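Colleague: Show me the folded form of this:
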Amino acid sequence: MLSLIRATADRTHRVDQLAAARFKLNGTDSRALELISRTGPLTAKNLARALGMTTGGVTTVIDRLERAGYARRRDDASDRRRVLLEVTELTRRVEEEMFGELIRDNTRLIGAYSERELAVIEDFLERSGAQVAAHVERMERLLARRRGP
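Modeller: Reported below is the predicted structural model:
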């Protein structure tokens with residue numbers, strides 16, 4: 001089972017690499033674009049946190065995504081002091097090209113399982129995801145200690 005999880009992670013990583021190549025983005029910029037697309041409009045601060053970057057560092061990422069035509073900044077209607085990042089129609093078109101068929105295939109696959117089976121799969125994915133998140137935190141602490149003061 002663990003080898004299947006790792007093999008799936010490997011394949012997912014390859015899909016991400018191919019998408020980054022299609023978008024003509026580096027890995028960090030591609031990851032940022034995916035986060036903005038998946039979660040909806042984000043502040044630079046929230047994007048930086050999700051990427052494990054500083055807000056200063058993520059500004060450069062945002063600038064590159066804007067220049068490429070994949071993301072844009074817009075004022076937050078509920079708080080005029082905040083700026084939100086959102087994807088463009090160009091991003092949506094390229095995402096459909098790169099991921100549309102996979103999403104449709106996965107939707108059909110999900111439909112092949114019973115509600116009971118899906119509940120087990122969902123539980124596994126949530127618990128596994130929580131374990132990965134906890135491991136990321138452990139690794140970040142370890143690396144921070146090794147860098148030292």
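Colleague: rest of the way, CA atoms for contacts and neighbours
Modeller: Noted.
Colleague: can you tell me which residues contact Arg38?
Modeller: By C-alpha atoms under 8 Å, 6 or more residues apart in numbering, no residues touch Arg38.
Colleague: where's it, which helix or strand?
Modeller: For Arg38, the enclosing helix or strand under DSSP states H and E is helix 27-39.
Colleague: Now that helix: buried residues?
Modeller: The neighbour-count check on helix 27-39 (16 or more other C-alpha atoms under 10 Å) flags 29-37 as buried.
Colleague: Let me have the residues you listed in JSON lines, extended by pLDDT and distance to Gly129.
Modeller: Shown next, in JSON lines, are these (pLDDT from 0 to 100; distance: C-alpha to C-alpha, whole Å):
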{"residue": "Asp29", "pLDDT": "96", "distance to Gly129": "23"}
{"residue": "Ser30", "pLDDT": "96", "distance to Gly129": "21"}
{"residue": "Arg31", "pLDDT": "95", "distance to Gly129": "17"}
{"residue": "Ala32", "pLDDT": "96", "distance to Gly129": "19"}
{"residue": "Leu33", "pLDDT": "97", "distance to Gly129": "21"}
{"residue": "Glu34", "pLDDT": "95", "distance to Gly129": "18"}
{"residue": "Leu35", "pLDDT": "95", "distance to Gly129": "16"}
{"residue": "Ile36", "pLDDT": "96", "distance to Gly129": "20"}
{"residue": "Ser37", "pLDDT": "96", "distance to Gly129": "20"}
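Colleague: Now for the residues you listed: which two are most distant?
Modeller: Farthest apart among these by C-alpha to C-alpha are Asp29 and Ser37. That separation is 12.2 Å.
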